[in-house]
Structure formats: C-alpha cells, structure tokens
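A.B. asks: here are the coordinates; sequence isn't available:
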C-alpha cells in the first residue's frame, strides 16, 4: 500500500514534466519509452533508499511523504539521467511568444 502513492504520483508528474516542460532532442520512440522506464526505476530506487533511511524516526512522513516528494522535486534531473542512459537528450521546452 505504501508504494501505490509514489507510483501513482510519478506518472502524473512525469506526464506534466516530460510532456510539456522538457523535450526529447533525439532518439526513437522506443528509446524514449525506455528512457521513461529507466527514469521510473531510478525514482523508485531513490524512494526506496529514502524510505529505508527515514522510515523509522519520522513515521508516516519518513515512510511515505518524504520518499515521494523529494525525488519528485528532482524529477527533471532524474529524467535527464534516465533518458541519457538510453541515448536520448532532454532539453528545456521552448515556448513561443504568441498563443496558438
């Protein structure tokens, strides 16, 4: 049950960040999908490490809230790392001056 919150929140925040704030500069669709899965694995690994480190002394904050929130704050960097591992470069999205 403790893993449902980090897993569910990841996909929502990742959709916002990778769908609008960051663009893939190169790579096929398969590479981009693999980059997202690698980023997800890195995020879960970091959440597990934080949960193990903070779970006892801080109760529910250490077992669910901090391990979910802290990696999400660094999701842009984790995404750049995960996508880079499969050969895709992420760059900040450029927004046009005029509305579409």
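C.D. replies: That came in fine, so what should we check first? Please read all numbers here as calculations on a predicted model, not as lab measurements. Numbers count the residues shown, from 1 in each chain.
A.B. asks: so what's the residue nearest the centre of the chain up against?
C.D. replies: The centroid of the chain falls nearest to residue 75 when counting by C-alpha atoms, centre = their mean (3.9 Å). For residue 75, the set of contacting residues under the criterion of C-beta atoms under 8 Å, 6 or more residues apart in numbering consists of 10, 13, 14, 17, 39, 43. (C-beta placed from N, C-alpha, C; glycine too.)
A.B. asks: likewise residue 74?
C.D. replies: residue 46.
A.B. asks: where does the chain have low pLDDT?
C.D. replies: Flagging of the chain using pLDDT under 70 yields the residue ranges 1, 96-100.
A.B. asks: for it, which helix is longest?
C.D. replies: helix 29-58 (DSSP state H).
A.B. asks: how far off centre is the helix or strand following that helix?
C.D. replies: From helix 29-58 onward toward the C-terminus, using DSSP states H and E, the following helix or strand is helix 60. Here helix 60 is found 22 Å from its chain centre; the criterion is C-alpha atoms, centre = their mean, to the nearest Å.
A.B. asks: isn't residue 13 right up against residue 69?
C.D. replies: No. Between residue 13 and residue 69 there is no contact under C-beta atoms under 8 Å: 10.3 Å.
A.B. asks: got the contact list for stretch 30-47?
C.D. replies: Looking at what lies outside stretch 30-47 - C-beta under 8 Å, 6+ apart - the contacts are 6-7, 10, 14, 18, 24, 27, 67-68, 70-72, 74-75, 78-79, 81-83, 85-88.
A.B. asks: buried sites along that stretch?
C.D. replies: Under the neighbour-count criterion of 16 or more other C-beta atoms under 10 Å, stretch 30-47 has 32, 34, 35, 36, 38, 39, 40, 42, 43, 44, 46, 47 buried.
A.B. asks: between those residues, which is closest to residue 55?
C.D. replies: In terms of C-beta to C-beta, no member of the buried residues of stretch 30-47 lies closer to residue 55 than residue 47, at 11.1 Å.
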